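Trainee: A structural model of the following input is requested.
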Amino acid sequence: MTSQRDVLPVYFVTGHLGFSPVLEIRRGAYDAAMKRASSTLILAVAGLWLSMTPARAQVCQNDHDPRPATATATACDDRPACPNPSVADDATHFNGGHIVYTPRVVVGACHPGNEGTFSNGCTIANASCIDGQCVVQYAGLIYRPAGTAAKSPAVLLVPGSANCTTIGTSCVYQPEPFCGLKNALLAKGYVVMEVLPRGYGIDATRRSTGYYIDNAVTQQNAMGAPCAANRGACSTYDLLDEGLFDVAAGYQFLANRPFVDASAIAVFGHSLGGVRALAFNREDHGQKATVAIAAASESWCFSDHTDNTILWAEMARSIDLARSATYTFQPQNDVNLESGSVIAHEAAENRWQYQAAFFPPVAQVVGGVLTDLPYGDEAHACFVTNQRNVDEWAPTVINFLRRYGVK
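Mentor: Numbers count the residues shown, from 1 in each chain. As a prediction, the model looks like this:
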């Protein structure tokens with residue numbers, strides 16, 4: 001369904017390397033969107049930076065706090081079905097996708113208990129000990145559009161953070177379903193693959209090797225890893241590593257499929273997945289475009305005295321080193337909006353091919369009326385889950401991909 005509210009971003013800007021910048025402010029219900037907009041409005045146009053944001057305090061502050069433990073959780077109320085609903089989850093399928101695996105890579109023998117190793121005896125966080133050997137292998141879900149030509153353009157999806165789901169006796173970090181986006185991309189003829197970074201899985205056996213990021217950081221801190229000297233540095237560097245290795249492995253697998261046009265692939269990430277996608281984009285793998293939704297929004301201002309400057313600097317560096325056109329956006333009631341504006345600012349200063357937007361707040365139906373979600377973390381999650389929200393931003397993603405050759 002399409003929202004009865006605004007279906008347009010509050011602002012929408014693009015820049016093109018070597019050309020005059022193009023400013024696109026979508027019309028239609030724009031005036032209504034502006035009336036509901038917060039006091040923050042940023043226009044970033046390649047080389048031009050206009051900020052109408054009230055001065056922030058020196059202490060990093062979120063725009064919309066996460067839901068407190070005492071508040072009742074709000075479920076995303078407009079969840080669509082995943083593609084291929086008639087395909088039952090079994091040994092080879094999950095959420096309508098075909099389960100695939102990258103080739104196994106042996107990186108050494110397991111040595112549990114050795115200094116400088118994780119609890120599984122491997123020296124790197126993306127490996128698991130299997131039959132005495134440290135092995136790296138990534139799982140993924142792949143979807144093919146119906147009735148397409150031999151080779152199709154493709155999009156690689158990178159999930160954000162996950163909660164531990166108990167399946168049997170195992171703690172499993174299942175990836176975001178991205179059902180609405182997958183449906184939209186398949187309808188336009190794109191092959192879609194969701195890569196599962198290290199530690200993510202469908203269950204205890206169908207999973208990627210290695211440690212989920214929170215578990216890896218816990219062990220790195222206990223091991224006295226170099227990154228542990230600065231609180232928060234390990235998680236930042238692990239995310240970069242996951243982008244440069246995990247996402248890259250998924251990308252290579254996707255590009256090698258015989259039904260994929262390897263010259264027309266984009267990478268898309270949400271939240272921590274957005275950080276991973278932007279890190280991946282530091283290197284040229286042949287990608288034509290990179291899309292990041294609310295990258296680092298929930299991590300921008302930690303509350304445990306974490307050194308945020310490392311995250312901020314590395315996010316800017318990912319934009320500085322971008323190798324493909326980049327589109328970043330988020331909803332207005334996301335946890336933190338400075339993360340998006342800083343990224344847009346950096347892209348504007350670089351005069352790089354980019355596009356940025358803040359969309360209207362994420363809402364839920366209360367008494368038959370769409371009412372803005374009050375907590376940032378719920379808006380952060382429902383923005384990519386609710387069909388009404390996907391209907392707002394997915395067309396802008398597809399237009400962006402086509403503009404830069406992913407078609």
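Trainee: domains for the chain, by residue range?
Mentor: Following automatic domain parsing, one gets these domains for the chain: 63-102+138-335+363-403, 104-136.
Trainee: Do a quick rundown of the strands in the stretch 251-400 of the chain.
Mentor: In the stretch 251-400 of the chain, the strands defined using DSSP state E, counting those that start in this stretch lie at 260-270, 289-293, 325-331, 354-359, 363-366, 369-372.
Trainee: how about CSV for those, with mean pLDDT added?
Mentor: As requested, the strands of the stretch 251-400 of the chain are exported to CSV (pLDDT from 0 to 100):
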stretch, mean pLDDT
strand 260-270, 98
strand 289-293, 98
strand 325-331, 97
strand 354-359, 94
strand 363-366, 92
strand 369-372, 93
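Trainee: I'd like those strands as TSV, with mean neighbour count and distance to residue 381 appended.
Mentor: Using the backbone N, CA and C atoms, a C-beta is placed for each residue, glycine as well. Below are the strands of the stretch 251-400 of the chain laid out as TSV (neighbours: other CB atoms under 10 Å; distance: least, CB to CB, whole Å):
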stretch	mean neighbour count	distance to residue 381
strand 260-270	24	9
strand 289-293	28	11
strand 325-331	27	11
strand 354-359	26	15
strand 363-366	17	12
strand 369-372	13	15
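Trainee: Include distance to residue 347 when you put those strands into JSON lines, please.
Mentor: Shown next, in JSON lines, are the strands of the stretch 251-400 of the chain (distance: least, CB to CB, whole Å):
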{"stretch": "strand 260-270", "distance to residue 347": "16"}
{"stretch": "strand 289-293", "distance to residue 347": "11"}
{"stretch": "strand 325-331", "distance to residue 347": "6"}
{"stretch": "strand 354-359", "distance to residue 347": "4"}
{"stretch": "strand 363-366", "distance to residue 347": "29"}
{"stretch": "strand 369-372", "distance to residue 347": "28"}
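Trainee: Which one of those strands lies nearest to residue 406?
Mentor: strand 260-270 (4.5 Å; CB to CB).
Trainee: Which other helices and strands does the closest one contact?
Mentor: If you count contacts as 3 or more CB pairs under 8 Å, 6 or more residues apart in numbering; DSSP states H and E, strand 260-270 packs onto strand 152-158, helix 248-255, helix 272-280, strand 289-293.
Trainee: For these, give me a markdown table that also has distance to residue 242.
Mentor: Converted to a markdown table, the helices and strands packed on strand 260-270 look like this (distance: least, CB to CB, whole Å):
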| stretch | distance to residue 242 |
| --- | --- |
| strand 152-158 | 9 |
| helix 248-255 | 10 |
| helix 272-280 | 5 |
| strand 289-293 | 14 |
